[in-house]
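J.: Have a look at this fold, sequence not included:
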């Protein structure tokens, strides 16, 4: 989006900000909205763990010193603002290493959005301000977590990284096409302990009352914080839309609250600056729900404004966090952390032993008989030839979704009657022939499998021209043992290939190929 002159901002928005902030600070906000949006990058800690930690992953990023600056985001230790700059002004605060992947046409380092490390899930390009939301909810490994409005997946992949592959994440989006994009981003980032659903929040609240340790509601909003980044947000803004969003947020918060266990947490966030949708929404919710505001301590953020809550001020709202584009990196954001009192009576039987029983129920739409003995035998044959023995034994298929084998841990939320797109890790596609049944490996398995767990691999340097060829779906030259292998870039997964003779055929899904 081109720079946004202040005179192009909606007049009602300009007047409200001047009223709330005063003329001087409002002018600083309008000037910030006239500058280009910043590019944010968040390291994927799941990949960092594979390389020895987030520090090792940051050190492996390939942008050349003197061309790229990576400035840390204060509230998220894995997030950076990425700036392309001249060598003369880029000597300090720069993270880089010498091995550059270069655009063959220009011999200049590829930008983050075109680098193969992005395909490998080493990082997620995410607005710096948006990273504050998962940091506020702060899920812990082993917990049961729900992201209610999750697509395209920036916050869900962040939550999964904080959970460190322990526990279970449910990522939901009511729009099926957006939920499909969510599946793709979870796969790319190597998330295997997740379910993707596509249901309205009140439907999930009916199915899973009082079930989750932590719930995130990143609510649809008027998008005032996105004005310099989104022409749609600017075009759709109106006082009437603000009022409509605030009313919808009240409904969504009440549905989200029903999903939180006693003593559990609910994070409410928006990408708007409007108090009616931020402090006002939280104040109205607290008044009727019994939830309490938990103060946040997130460096670099501004406090909430209790005096903007409408009616009598709610002092606890000072513990919410605001990000203003003129004060901090990224677009405008608001987040409040809320806690359900432990004295609230549980509203779900799905706790303790009931959760373990729920995990063994048939999953999906209708009753699936699960994999047949023939299919399980085909999986064992495939796994024995492609995966190391410990992993092959650990990844027993637990469900069959159409032609696709899935693996999910016990004790996950029951899915009877709910629309879901993915449950756990997709292992492979069942191919039934006239004489035998075989398994073709799923892309998700390649992106999830830990280092050293695949028996055959083709590890290419980022600057190797075969990486680009593989990503285009072309065959690459690489003699060796025939069969399936994982293609990697500097030890990071890209997908499957199949070798015949001296040639490896790219099995990268067509939708992921780069022209």
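T.: That came through, no problem. As the structure is a prediction and not an experimental result, all values here were calculated from the model.

J.: Kindly list the longest helix within this structure.
T.: helix 239-258 (DSSP state H).

J.: avg pLDDT for that one?
T.: Taken as a whole, helix 239-258 has an average pLDDT of 97.

J.: so how many other residues sit close to residue 36?
T.: 11 (other CB atoms under 10 Å). Heads up, the C-betas are built off the backbone N, CA and C, glycines and all.

J.: Tell me the secondary structure of it, please.
T.: coil (DSSP: H, G, I helix; E, B strand; the rest coil).

J.: And the longest helix of the chain, what's buried?
T.: 242, 245, 246, 249, 250, 252, 253, 254, 255, 256, 257, 258 (16 or more other CB atoms under 10 Å).

J.: same question, stretch 60-74
T.: For stretch 60-74, using 16+ other CB under 10 Å, the buried residues are 60, 61, 62, 63, 64, 67, 68, 69, 70, 71, 72, 73.

J.: Next: stretch 469-483.
T.: 469, 470, 471, 473, 475, 476, 478.

J.: try stretch 484-499
T.: When burial is assessed from 16+ other CB under 10 Å, stretch 484-499 yields the following buried residues: 484-490, 492-499.

J.: same check, this time on stretch 33-42
T.: So for stretch 33-42, counting by 16+ other CB under 10 Å, buried means 33, 34, 37, 38, 39, 40, 41, 42.

J.: Residue ranges in this structure under the pLDDT threshold?
T.: Within the chain, the stretches with pLDDT under 70 are 1-7, 63-66, 86-109, 344-369.

J.: Can you give me the domain boundaries for it?
T.: Domain ranges of the chain: 39-125, 130-339, 349-452, 456-515, per automatic domain parsing.

J.: mind checking which helix or strand the residue nearest to residue 200 when sequence neighbours are not counted is in?
T.: Nearest residue to residue 200, sequence neighbours excluded (CB to CB, 6 or more residues apart in numbering): residue 174, at 5.3 Å. Using DSSP states H and E, residue 174 is not contained in any helix or strand.

J.: Most widely separated two among the buried residues of stretch 484-499?
T.: 490 and 498 (21.7 Å; CB to CB).

J.: re earlier: so which of the domains of the chain is the most surrounded?
T.: Between the domains of the chain, domain 130-339 has the highest mean count of neighbours, a mean of 21, where neighbours are mean count of other CB atoms under 10 Å.

J.: can you put the buried residues of helix 239-258 in a markdown table and add distance to residue 235?
T.: Output for those, formatted as a markdown table (distance: CB to CB, whole Å):
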| residue | distance to residue 235 |
| --- | --- |
| 242 | 14 |
| 245 | 15 |
| 246 | 20 |
| 249 | 21 |
| 250 | 25 |
| 252 | 23 |
| 253 | 27 |
| 254 | 30 |
| 255 | 29 |
| 256 | 28 |
| 257 | 33 |
| 258 | 34 |
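
J.: Sort out for me which of the buried residues of stretch 469-483 are in helices.
T.: Per DSSP H, these map to helices at 469, 470, 471.

J.: Identify the residues contacting the second one.
T.: Neighbour list for residue 470: 460, 476, 487, 494, 495, 497, 504, 506, 508 [criterion: CB atoms under 8 Å, 6 or more residues apart in numbering].

J.: now the second one: how far from residue 235?
T.: I take that to be residue 476. Distance of residue 476 to residue 235, given as CB to CB, to the nearest Å: 45 Å.

J.: Next: the fifth one.
T.: Here the criterion is CB to CB. By it, residue 495 lies 38 Å from residue 235.

J.: where do the helices sit along the stretch 351-500 of the chain?
T.: Remark: helices assigned in the stretch 351-500 of the chain by DSSP state H, counting those that start in this stretch are 353-359, 373-386, 389-394, 443-448, 465-471.

J.: Give me the sheet partners of the longest strand anywhere in the chain and which way each runs.
T.: If you go by DSSP state E, the chain has its longest strand at strand 260-270. Sheet pairing here is set by DSSP bridges, and for strand 260-270 it gives strand 212-218 (parallel), strand 333-339 (antiparallel).

J.: what comes into contact with the first one?
T.: Right, strand 212-218. Outside strand 212-218, the residues that reach it (CB under 8 Å, 6+ apart) are 133-134, 137-139, 143-150, 155, 159, 170, 201, 252-253, 256, 259-261, 264-270.

J.: do that again at 7 Å, thanks
T.: With contacts defined as CB atoms under 7 Å, 6 or more residues apart in numbering, strand 212-218 is touched by 133, 137, 139, 143-149, 155, 159, 252-253, 256, 259-261, 264-269.

J.: still on that earlier bit, tabulate the helices of the stretch 351-500 of the chain (JSON lines), appending distance to residue 416.
T.: What follows is these, written out as JSON lines (distance: least, CB to CB, whole Å):
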{"stretch": "helix 353-359", "distance to residue 416": "9"}
{"stretch": "helix 373-386", "distance to residue 416": "22"}
{"stretch": "helix 389-394", "distance to residue 416": "26"}
{"stretch": "helix 443-448", "distance to residue 416": "24"}
{"stretch": "helix 465-471", "distance to residue 416": "40"}
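
J.: Residue 432 is nearest to which of the ones you listed?
T.: helix 373-386 (8.5 Å).

J.: What is the closest one packed up against?
T.: strand 425-432, strand 437-441 (3 or more CB pairs under 7 Å, 6 or more residues apart in numbering; DSSP states H and E).

J.: just to revisit the earlier point, tell me which of the domains of the chain lies nearest to residue 14.
T.: domain 130-339 (10.9 Å).

J.: How far does that closest one stretch from one end to the other?
T.: 21 Å (CA to CA, to the nearest Å).

J.: ok, now stretch 18-38?
T.: Using CA to CA, the two ends of stretch 18-38 sit 24 Å apart.

J.: repeat for stretch 225-234
T.: 10 Å.

J.: Check the offset of it from the chain's centre.
T.: Centroid separation for stretch 225-234 versus its chain: 21 Å, with CA atoms, centre = their mean, to the nearest Å.

J.: Can you name the residues in contact with that stretch?
T.: 1, 4, 9, 33, 35, 37, 223, 271-273, 331-333.

J.: What of stretch 282-297?
T.: With CB under 7 Å, 6+ apart as the criterion, stretch 282-297 contacts 136, 250, 253, 257, 266, 268, 309-310, 314, 316-317, 319-321, 336-341, 344.

J.: what's the farthest-apart pair in the buried residues of stretch 33-42?
T.: Farthest pair in the buried residues of stretch 33-42, by CB to CB: 34 and 42, 25.9 Å.

J.: helix or strand for residue 133, which one?
T.: Here residue 133 is assigned to helix 131-137, by DSSP H and E.

J.: just checking, next helix/strand downstream of that helix?
T.: That would be, after helix 131-137 and using DSSP H and E, strand 144-147.

J.: Contacts for that next one next, please.
T.: Residues outside strand 144-147 that contact it (CB under 7 Å, 6+ apart) are 139, 155-156, 159, 163, 167-172, 211-216, 259.

J.: swap the cut-off to 6 Å and go again
T.: Strand 144-147 is contacted from outside by 139, 156, 159, 168-171, 212-216, 259, using CB atoms under 6 Å, 6 or more residues apart in numbering.
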